[in-house]
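Engineer: What follows is a predicted structure for the sequence shown.
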Amino acid sequence: MAKTGKQYKAAYEKVDQEKYYEPREALALAKELAFTKFDGSVEVHLRTGLDPRQADQQIRDVVVLPNGLGKTVRVLVFAQGEGAQLAREAGADIVADDDEWIAKIQAGFTDFDVAISTPDMMGKAGRLGRVLGPRGLMPNPKAGTVVQAEDLPRTINEAKAGRVEYRLDKTANIHVPIGKVSFELDKLYENMAALMDAIRKSRPAAAKGSFIRKITVATTMGPGIKVDSAAAQSMKVTE
């Protein structure tokens, strides 16, 4: 732990705490200062001006990152009949189409990253809220994870390609991974640009005043790097 403390301190001291970095500069610095032995994640943290207590100021949506997240995504699908067949053909890792799977999940099985359901299976999937809810795995129409059977192939492919859900938490913040430290800078930039574009479009109509108040980029266990908010909100994937 002491070693980690020294490494963190050394990285922290290389960040100008008074400066708001341009997005590309912030990402480059985050990569440079990453010190974990494993390939850590790069995350974007946004402080909003929203009031999480107000139902009309909630944000919950998804974004497909053009360069993925750099990890294998295991997808479970609640479906039956034709939907189950379509899910298997589309590459779902697990198809929960019977009571045996429901019981297994109820007992605590959560060895998957994304759960998708067809509407006719939500009655059964809904009973698993105590297991799936706290882990952010409960299928939800707002997050695009409750879909008709014919939309399963597209949704499964997007999930495996780098489809990320983001949502406003109780402290008015949004935390989203955008890739790995090992990613090329351009790929991290493109992923962040796609995220910022999606969040701009997610602004609730009831939002008042400043929507995005603060943006920080950080790697796993690394120091936060403040990003120029205006520059981040004008990022474009094609840049």
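Structural biologist: Great, that's in hand.
Engineer: Would you enumerate the residues in contact with the residue nearest to His175 when sequence neighbours are not counted?
Structural biologist: Distance criterion Cβ to Cβ, 6 or more residues apart in numbering; nearest residue to His175, sequence neighbours excluded, is His45 at 5.3 Å. Placement of C-beta: from N, CA and C, glycine included. Applying Cβ atoms under 8 Å, 6 or more residues apart in numbering, we find His45 in contact with Asn173, Ile174, His175, Ile215, Thr216, Val217, Ala218, Gly224.
Engineer: So among those residues, which ones count as buried?
Structural biologist: The neighbour-count test (16 or more other Cβ atoms under 10 Å) marks Asn173, Ile174, Ile215, Thr216, Val217, Ala218, Gly224 as buried among the contacts of His45.
Engineer: Which ones among these map onto strands?
Structural biologist: When strands are assigned by DSSP state E, the members of those inside them are Asn173, Ile174, Ile215, Thr216, Val217, Ala218.
Engineer: Sticking with the residue nearest the centre of the chain, tell me its helix or strand.
Structural biologist: The centroid of the chain falls nearest to Val164 when counting by Cα atoms, centre = their mean (3.7 Å). When secondary structure is defined using DSSP states H and E, the element that contains Val164 is strand 163-167.
Engineer: now that strand, how far from the centre of its chain.
Structural biologist: Counting by Cα atoms, centre = their mean, to the nearest Å, strand 163-167 is centred 4 Å from the centre of its parent chain.
Engineer: what packs against it?
Structural biologist: Of the remaining helices and strands, those touching strand 163-167 by 3 or more Cβ pairs under 8 Å, 6 or more residues apart in numbering; DSSP states H and E are strand 60-64, strand 173-180, helix 185-201.
Engineer: Rebuild the contacts of His45 as JSON lines, extending it with distance to Ser117 and pLDDT.
Structural biologist: Rendered in JSON lines, the data for the contacts of His45 read as follows (distance: Cβ to Cβ, whole Å; pLDDT from 0 to 100):
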{"residue": "Asn173", "distance to Ser117": "28", "pLDDT": "96"}
{"residue": "Ile174", "distance to Ser117": "24", "pLDDT": "96"}
{"residue": "His175", "distance to Ser117": "25", "pLDDT": "95"}
{"residue": "Ile215", "distance to Ser117": "33", "pLDDT": "97"}
{"residue": "Thr216", "distance to Ser117": "34", "pLDDT": "97"}
{"residue": "Val217", "distance to Ser117": "33", "pLDDT": "97"}
{"residue": "Ala218", "distance to Ser117": "33", "pLDDT": "96"}
{"residue": "Gly224", "distance to Ser117": "36", "pLDDT": "96"}
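Engineer: before we move on, the earlier item: ok, so of the buried ones among the contacts of His45, who is nearest Met121?
Structural biologist: Sorting the buried ones among the contacts of His45 by distance to Met121 puts Ile174 at the head of the list, at 29.1 Å, by Cβ to Cβ.
Engineer: Make sure that closest one is actually in contact with Leu195.
Structural biologist: No. Assessed by Cβ atoms under 8 Å, Ile174 is found out of contact with Leu195, at 9.3 Å.
Engineer: Is it possible to get JSON lines of the contacts of His45 that adds distance to Val15?
Structural biologist: Rendered in JSON lines, the data for those read as follows (distance: Cβ to Cβ, whole Å):
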{"residue": "Asn173", "distance to Val15": "20"}
{"residue": "Ile174", "distance to Val15": "21"}
{"residue": "His175", "distance to Val15": "19"}
{"residue": "Ile215", "distance to Val15": "14"}
{"residue": "Thr216", "distance to Val15": "10"}
{"residue": "Val217", "distance to Val15": "10"}
{"residue": "Ala218", "distance to Val15": "10"}
{"residue": "Gly224", "distance to Val15": "8"}
